[in-house]
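**Q** what's the 3D shape of this:
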Amino acid sequence: SSELCNLTKLQYLWLSFNMLQGEIPNELANMIQLLELKLDNNKISGVMPSELGELVHLKSLRLNNNQLTGAIPSQLGGLMWLKDLFLNNNKISGTIPSEFKNLKQLQILWLNNNTIHGPIPSELGNLYSLLSLNLSSNALSGTVPKDLTGKYLPDAEIYLYENDGLVGNISFLCENETNRTIYVNETMKNVACSCCVY
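**A** Numbers count the residues shown, from 1 in each chain. Modelled structure (predicted):
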């Protein structure tokens, strides 16, 4: 409720697994001290409010396993202290914001099981803290950017499977990286990879 949003000193808001319905209120932006916002595994619908980008102290944002629609707000790229971002298992569309390049503390980015389309932004190669990148089961297309190899992602797990629009040889992602694992699947007919896990 909007009354909850008046708790401006609250740091942790965990409401996972509560059968919550309706949309995320814009007034959440009033909770400027929030460090963790967990609304996952509910029945929340509508678009993500761009005002979430005003919660500049957030370290954890979990909105996964809901019924969210629309695009990912580019304003989320302003959450400089974010360590994990779970938006998976929704009905999110649009593209991956290039503004995510600013999320230098991000360790986990899960966008899987949505209808996100377009190319994988090369800017994701700037995320030098990233340990797990899950882009699987979307509608991504084009070539995988060379920047994803980066010196920044030596230990990352990267999930790309069920994006049948991706093309090209992506062996460069893992052939020289013993600790990096890339996951693809056989339906990706236009992708070749000698070191990926199928």
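**Q** correct me if wrong: Ser98 contacts Glu123.
**A** Yes - contact criterion Cβ atoms under 8 Å: Ser98 and Glu123 qualify, at 4.9 Å. In this view, the C-beta of every residue, glycine as well, is placed from N, C-alpha and C.
**Q** so which of the two has more stuff around it?
**A** A direct count of neighbours by other Cβ atoms under 10 Å for Ser98 and Glu123 places Glu123 higher, at 18 against 13.
**Q** double-check that the more buried one belongs to a helix.
**A** Yes - counting by DSSP: H, G, I helix; E, B strand; the rest coil, Glu123 is located in a helix.
**Q** can you tell me the closest non-neighbouring residue to it?
**A** Lys101 (3.5 Å; Cβ to Cβ, 6 or more residues apart in numbering).
**Q** that neighbour: neighbour count?
**A** Lys101 has 16 nearby residues by other Cβ under 10 Å.
**Q** pretty sure it contacts Tyr128?
**A** No - the pair Lys101 / Tyr128 is not scored as a contact, 10.8 Å apart, by Cβ under 8 Å.
**Q** which stretch of helix or strand covers Leu85?
**A** strand 84-86 (DSSP states H and E).
**Q** direction included, what does that strand pair against?
**A** Its sheet considered, strand 84-86 pairs with strand 60-62 (parallel), strand 108-110 (parallel) by DSSP bridges.
**Q** same list, these, but as JSON lines with distance to Glu27 please.
**A** Supplementary listing: the strands paired with strand 84-86 in JSON lines, determined by distance: least, Cβ to Cβ, whole Å:
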{"stretch": "strand 60-62", "distance to Glu27": "17"}
{"stretch": "strand 108-110", "distance to Glu27": "26"}
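**Q** how about CSV for those strands, with mean pLDDT, distance to His117 and mean neighbour count added?
**A** Output for those, formatted as CSV (pLDDT from 0 to 100; distance: least, Cβ to Cβ, whole Å; neighbours: other Cβ atoms under 10 Å):
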stretch, mean pLDDT, distance to His117, mean neighbour count
strand 60-62, 98, 22, 21
strand 108-110, 97, 17, 21
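**Q** relative to Ile158, which of the ones you listed is closest?
**A** Proximity to Ile158 (Cβ to Cβ) singles out strand 108-110 among the strands paired with strand 84-86, at 10.1 Å.
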